[in-house]
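A.B. asks: 3D, please:
(one chain, ligands or ions: 1)
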Amino acid sequence: MGTVTLQGLRKSFGRVQALDGVTLDVPDGSFFVVLGPSGAGKTTTLRTIAGLEKPDAGSVHLDGRDATGDAPADRDLAMVFQNYALYPRHTAYENIASPLRARGRSPGEIAEAVDRISGLLHIERLLRRRPAQMSGGEMQRVALARALVRSPRAFLMDEPLTNLDLKLRVEMRTELSRIHRSLGATFVYVTNDQVEALSMADRVAVLKEGRVQQAGTPAEVYERPANRWVAGFVGSPPISLLACRAEGDRLIGTDGWSLPRPGWTTAEDDRPLLLGLRSEDLSVEQRGDASLPGELYGLEPLGDRTVVDVRVGTAILKVKARPTISGSPGERLLVTVDLDRAHLFDASTGQSLS
Ligand code: ATP
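C.D. replies: Numbers count the residues shown, from 1 in each chain. Below is the predicted model of the structure:
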């Protein structure tokens, strides 16, 4: 078993409120990502789970038992950090075996565990080498194997891929997801990289200023953001937000545009709103019922697609288009909107009205 339940965690450092009532439910065997910008309280959350920080209020339950007062060593958790220091004079095998030796496991048990994890990480051929005889990426894998060789209640990972170059990072994401599935263990993984979060997590909690903004599956957080902040933080290119209000059966933009009012919104007339539109729900290449007049502001070719920046009044809309699209700045365009997939937020509270 490996469930982690946080209830109302609060923690301050002097005048900084690092955690301001964090409540989370990490199911057994899940790949749970805590996502948020720098300073959001992610590391403090992880350290509190590990017992390295004592919360001012709230509780940590492990497998349903209150562990808030337990020493770190009694929690049966493994922490995986950004920096992977390997013992330079030891072989990869000895490095990976060291956490098991420290726990007094038998040589047979150790050999079996090292074999299994080396197979999972495809590093069998490195086992006799020392760190100086390996590439950076190989050392990273060996270090990860050392962290994963135990079978604790849960693995706590603090941005473990941060120090890798982009190619290796992308590779390791796939690898970690695969390893997670093979081990069936609970992973609590902290990152500020939303692509990393969306690609690996089966559940994600979005944290800002010590508060959970939203928790759910990656699809829920992306497709039904609880507020404008989550909508803006998750997704690339960022969601476009247009100021407007509802009036009868129309949405009227502050800049003068007008669209049919979506049937799904609960917004009452005249309340200041923000219409949230993601690039993939906009088109300058197809015509539909709902469209906004604008002018081409710029093109951002990204290989497999181009993001077209279209100025609508004072706002810039990011529109996904074919990679071959062309045009000149100032050219007039109609942006077709898929209103069924749009989002509406209260302009003052930021809460979703979808
Ligand atoms: P990052 O992505 O930059 O690592 P984070 O989301 O992990 O950020 P935390 O490290 O949890 O954020 O920090 C949350 C807040 O608490 C920050 O404002 C930080 O400066 C503060 N903080 C964390 N640890 C301490 C400490 N030991 N002493 C004082 N302030 C701290």
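A.B. asks: do you know how far the residue of the stretch 51-200 of the chain found nearest the ligand is from Val34?
C.D. replies: Using C-beta to the nearest ligand atom, the single residue of the stretch 51-200 of the chain nearest to the ligand is Asn192, 4.9 Å away. To be clear about C-beta, it is placed using only N, CA and C from the backbone, and glycine gets the same treatment. Distance of Asn192 to Val34, computed by C-beta to C-beta, to the nearest Å: 10 Å.
A.B. asks: Same question for Gln7.
C.D. replies: Distance from Gln7 to Val34, by C-beta to C-beta: 16 Å.
A.B. asks: the more surrounded of these two?
C.D. replies: Neighbour totals were compared for Gln7 and Val34, and Val34 leads with 31 against 17 (other C-beta atoms under 10 Å).
A.B. asks: so what sits against both of Asn192 and Val34?
C.D. replies: Common contacts of Asn192 and Val34, defined by C-beta atoms under 8 Å, 6 or more residues apart in numbering, comprise Lys42.
A.B. asks: which stretches of the stretch 201-350 of the chain form helices?
C.D. replies: 218-223, 228-233 (DSSP state H, counting those that start in this stretch).
A.B. asks: got CSV for those helices, with distance to Ser98 and mean pLDDT too?
C.D. replies: Listed next are the helices of the stretch 201-350 of the chain as CSV, based on distance: least, C-beta to C-beta, whole Å; pLDDT from 0 to 100:
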stretch, distance to Ser98, mean pLDDT
helix 218-223, 35, 95
helix 228-233, 39, 96
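A.B. asks: Quick check: which of the ones you listed is buried the most?
C.D. replies: Comparing the helices of the stretch 201-350 of the chain by mean neighbour count (mean count of other C-beta atoms under 10 Å), helix 228-233 comes out on top with a mean of 21.
A.B. asks: Do it and the ligand come into contact?
C.D. replies: No. Figure legend: helix 228-233 not in contact with the ligand (C-beta under 6 Å from any ligand atom); closest approach 12.6 Å.
A.B. asks: Any chance you could list what contacts that helix?
C.D. replies: 35-37, 194, 206, 208, 213-214, 221, 225, 238-239, 241, 274, 276, 343, 345, 350, 352.
A.B. asks: Stretch 113-127 now?
C.D. replies: Contacts of stretch 113-127 (C-beta under 8 Å, 6+ apart): 91-93, 96-97, 100, 105, 134, 138, 141-142, 144-145, 148-150, 175, 178-179, 182-183.
A.B. asks: Stretch 180-189 too?
C.D. replies: Under C-beta under 8 Å, 6+ apart, the answer for stretch 180-189 is 2-4, 26-34, 46, 49, 120, 148, 151-157, 160, 176, 200-201.
A.B. asks: and if we set it to 6 Å?
C.D. replies: 2, 26, 28-29, 31-33, 120, 154-157 (C-beta atoms under 6 Å, 6 or more residues apart in numbering).
A.B. asks: Please tell me I have it right and Val4 contacts Val26.
C.D. replies: Yes. Val4 is within contact range of Val26, at 4.0 Å (criterion: C-beta atoms under 6 Å).
A.B. asks: tell me the centre residue of the chain?
C.D. replies: Ala197 (2.6 Å; C-alpha atoms, centre = their mean).
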